[in-house]
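In: sharing a model prediction with you, sequence too.
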Amino acid sequence: AQRVTQPEKLLSVFKGAPVELKCNYSYSGSPELFWYVQYSRQRLQLLLRHISRESIKGFTADLNKGETSFHLKKPFAQEEDSAMYYCALSATGNQFYFGTGTSLTVIP
Amino acid sequence: GAVVSQHPSWVICKSGTSVKIECRSLDFQATTMFWYRQFPKQSLMLMATSNEGSKATYEQGVEKDKFLINHASLTLSTLTVTSAHPEDSSFYICSADRGQNTEAFFGQGTRLTVV
């Protein structure tokens, strides 16, 4: 069965500091991994997916199959990055299995 | 970007009654729609996947007779919570995509409170 783990429920960093949101997964096949973000009072939106290997809003994430991880990183956090971040796994299509989420607060 | 809208955004119903939640793709045709449930301070849990014109596929542990899903058209899917009980109170979120390998877009969610 698939499982996505985000060990940190809350994470606070100072503006300008590096930030890393951890995500580990378990799945027997070859999943697709995603990061979704939810800003205050807004709906979930896609931040990035491992297949595209792109950087969005300065965030990157590398899929490490050996460690079954897909950590989200940004070298310099900004106040507008404060949000709820969900790591998600997709086995087929857009059926997502989400982690419990990490609430990121960037302190000015 | 594509917009997915849910209606209502918030609903209160009496225990034992049924409540219907709509999920519409406003500016695209949705091949597949998904329904999630989110308990307070917890993650989204996939409930079911629906394709237009066919029966929904439910995740393990989700009662299909309790949560009726109808995907009647390429722009509308409905979730009916039948004989609702207080433990059904939750935040229900839908998402929709245009097909394989396309991005899924999420609705704003519907908060259901059963009293």
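Out: Yes, it's here. Numbers count the residues shown, from 1 in each chain, chains lettered A, B, ... in the order given.
In: what's around residue A:53, how many residues?
Out: Other residues within reach of residue A:53, judged by other Cβ atoms under 10 Å in any protein chain shown, total 11. Yep, even glycine has a C-beta here, placed from its N, CA and C like the rest.
In: for the one 3 residues further on, same thing?
Out: Under the neighbour criterion other Cβ under 10 Å, residue A:56 is assigned a count of 15.
In: and the residue lying closest to it once chain neighbours are set aside, how far from residue A:67?
Out: What sits nearest to residue A:56 in space, not counting adjacent residues and going by Cβ to Cβ, 6 or more residues apart in numbering or on different chains, is residue A:48, at 4.7 Å. Using Cβ to Cβ, to the nearest Å, residue A:48 is found at 19 Å from residue A:67.
In: local confidence estimate at residue A:41?
Out: What the model reports as pLDDT for residue A:41 is 86.
In: and for residue B:20?
Out: Listed pLDDT for residue B:20 reads 97.
In: next up, phi/psi of the residue in chain B that chain A sits nearest to, please.
Out: At 3.8 Å from chain A, residue B:104 is the closest residue in chain B, using Cβ to the nearest Cβ. Summarising the backbone geometry of residue B:104 under the convention degrees, to the nearest 10, its torsions are phi -90, psi 140.
In: closest to the centroid, which residue in chain B?
Out: Residue closest to the average C-alpha location in chain B (Cα atoms, centre = their mean): residue B:35, at 3.8 Å.
In: before I go, just wanted to say thanks for your time.
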